[in-house]
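**Q** Sequence plus the predicted model coming up.
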Amino acid sequence: MASGFFAILDDIAALMDDVAMTSKLATKKTAGILGDDLAVNAEKATGFLASREIPVLWAITKGSFINKLIILPVVFVLNWLYPPAIKAALIIGGVYLAYEGVEKIIEYLFHRAKKGEEVIKESKLEEDNENSEKAKVSSAIKTDFILSLEIVIIALGTAMEKEHPLITQILSVTFVAIIATVGVYGIVALIVRMDDAGFYLMRKGNDKGFLSSLGGILIKALPLVIKFLAVVGTIALILVSGGIFLHNIEYIHHLVPHSIPSTVAEFGVGIAFGLVAVLLMTGFKKVKGLVKN
C-alpha cells in the first residue's frame, strides 16, 4: 500500500518535472510573440480617461482569459482531428492583424489633421459614449484572441517536438497561456499607471529631492511611452501577421527570396496583405452604403 502511494508521488513528480521543462522551452520560443503581444495590448489599453484605465484593462484581461479558455480545448481537439484547420485559423487571424496595422498607417499618413475644436468635441463625445469604450475593448479582445492563438500553437508545437504524453502537453501549454496573460497585462497595468506612481513619489518626496524628481520623470514620460507604444504596437501587428503568412502559406514562403532578412520580409508581406484587406473592406463598405441608400 505504502509503496503504491510513493509510486504515485514519483509519477506526479516526474510529470511536474516534464511540465516545467516543456513550459520553459515553450516560453523561450514564444518570447518574441509575447513581446509583440505586450506592445499591441499596451497600445490598445491606453487612451482612456484615468478613472477608466484599470476597469478597461481588467475587462480586456478577463476577455484574454476567456480567449484562452476557448482556444486551448479547441486547439487540442483540432490538432487531434484535423491539424490543417489550425493553420487556416491562424491565416484568417493574420489577415485581421494586417488589416488593423495597415489601416492605422493609412489613417496617420493620409487623413487630415483635426482642428483644435474638432479634437475637443470628439474627445467629449468619446468620454460620454460608453459604446466607444466597448468598441475599443472589443477590438483589443479580438486582437488578443489571434495573438493568444499563435502563442498556444507555438507552445503546443514545442510540447509535441519532445513527444511528451498528452497530459504533459495540456498542462505545459495551459501554464504558458496563463503566464502570458498575467505577465503581459500585469506589465500593461504598470505602464498605464505610471503617472499615478509619479504623483505618489512626488508627494512622498515633498516635491523635492530624488523621489520627487523621479516622480516628475515618470509623469512626463507617460505621454512619450504611449506614443512609442502606438508606433511599436502597429509595427508588431504587421510583423506578426507577416510571420503568420510566411510560415503558414507555402507559396508565400517560397516566393520571398531567402536573402531578404526575416524581419523585412515579414513586414513587407504584412503590409501587402494589409493593403489588400483594406481595399476589400473599403469596397465592401461602399457597396453596403450604396445598397442601404
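**A** Alright, I've got the coordinates.
**Q** Contacts only, for the closest residue in space to residue 103 that isn't next to it in sequence.
**A** Closest residue to residue 103 apart from its sequence neighbours, by C-beta to C-beta, 6 or more residues apart in numbering: residue 278 at 5.6 Å. For every residue, glycine as well, the C-beta is placed using N, CA and C. Contacts for residue 278 (C-beta atoms under 8 Å, 6 or more residues apart in numbering) come out as 99, 102-103, 106.
**Q** what's the answer for residue 70, then?
**A** Under the contact definition (C-beta under 8 Å, 6+ apart), the residues listed for residue 70 are residue 145.
**Q** The helix or strand encompassing residue 137 packs against which elements?
**A** Using DSSP states H and E, residue 137 falls within helix 130-161. If you count contacts as 3 or more C-beta pairs under 8 Å, 6 or more residues apart in numbering; DSSP states H and E, helix 130-161 packs onto helix 2-29, helix 31-44, helix 53-81, helix 84-110, helix 116-128, helix 166-192, helix 209-248.
**Q** how much does that helix deviate in direction from helix 166-192?
**A** Counting by axes from the mean of the first three to the mean of the last three C-alpha atoms, to 10 degrees, helix 130-161 points 140 degrees away from the direction of helix 166-192.
**Q** Redo the helices and strands packed on helix 130-161 as CSV? Include mean pLDDT and distance to residue 157.
**A** Listed next are the helices and strands packed on helix 130-161 as CSV, based on pLDDT from 0 to 100; distance: least, C-beta to C-beta, whole Å:
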stretch, mean pLDDT, distance to residue 157
helix 2-29, 54, 8
helix 31-44, 65, 12
helix 53-81, 86, 10
helix 84-110, 85, 10
helix 116-128, 50, 41
helix 166-192, 81, 10
helix 209-248, 82, 11
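**Q** So which of those helices is nearest residue 199?
**A** Distance to residue 199, taken as C-beta to C-beta, is lowest for helix 209-248 among the helices and strands packed on helix 130-161, at 6.5 Å.
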